[in-house]
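*Asks:* Any chance you could fold what I've pasted below:
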Amino acid sequence: MTFKQLKETILFRFLTNKYFLIALGFAVWMLFFDQNSYETHRVLNNEIEKLESSEEFYSKEIQQDKKVIEDLKNSKKLEKFAREEYKMKKENEDLFLIEYDTIK
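*Replies:* Here you go, the predicted structure:
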């Protein structure tokens, strides 16, 4: 096939059309080089997914903390919590801490 015959084919005419070349250049620019390129959108979408998962985690933590706060409004449970977590004691009371040694 000579160059003259190649030049007359529909595919060659389509690929060398100035509007097609401009559109192709624009598409390449927008996909790879622009500030809003595909890679930038992909990175931002990954970050959004991470933030949404952390939002779910913190929402669950907030619900658990609200439940603990409601439980601590009861004076008996508050006293138990203070004794277990902060090693508090009443006056005239001895506190013995037992540590478990797991090393053999």
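*Asks:* From the chain's centroid, how far away is the longest helix along the chain?
*Replies:* If you go by DSSP state H, the chain has its longest helix at helix 38-72. Taking the mean of its C-alpha atoms, helix 38-72 sits 8 Å from the chain's own mean (CA atoms, centre = their mean, to the nearest Å).
*Asks:* Check stretch 8-17 too.
*Replies:* So, by CA atoms, centre = their mean, the centroid of stretch 8-17 is 47 Å from its chain's centroid.
*Asks:* what residues does it touch?
*Replies:* 6, 7, 20 (CB atoms under 8 Å, 6 or more residues apart in numbering). In this view, the C-beta of every residue, glycine as well, is placed from N, C-alpha and C.
*Asks:* distance between the ends of it?
*Replies:* End-to-end distance of stretch 8-17 (CA to CA, to the nearest Å): 13 Å.
*Asks:* what angle do the helix or strand following the longest helix of the chain and helix 38-72 make?
*Replies:* For helix 38-72, the following helix or strand on the C-terminal side (DSSP states H and E) is helix 75-86. Interaxial angle, helix 75-86 versus helix 38-72 (axes from the mean of the first three to the mean of the last three CA atoms, to 10 degrees): 120 degrees.
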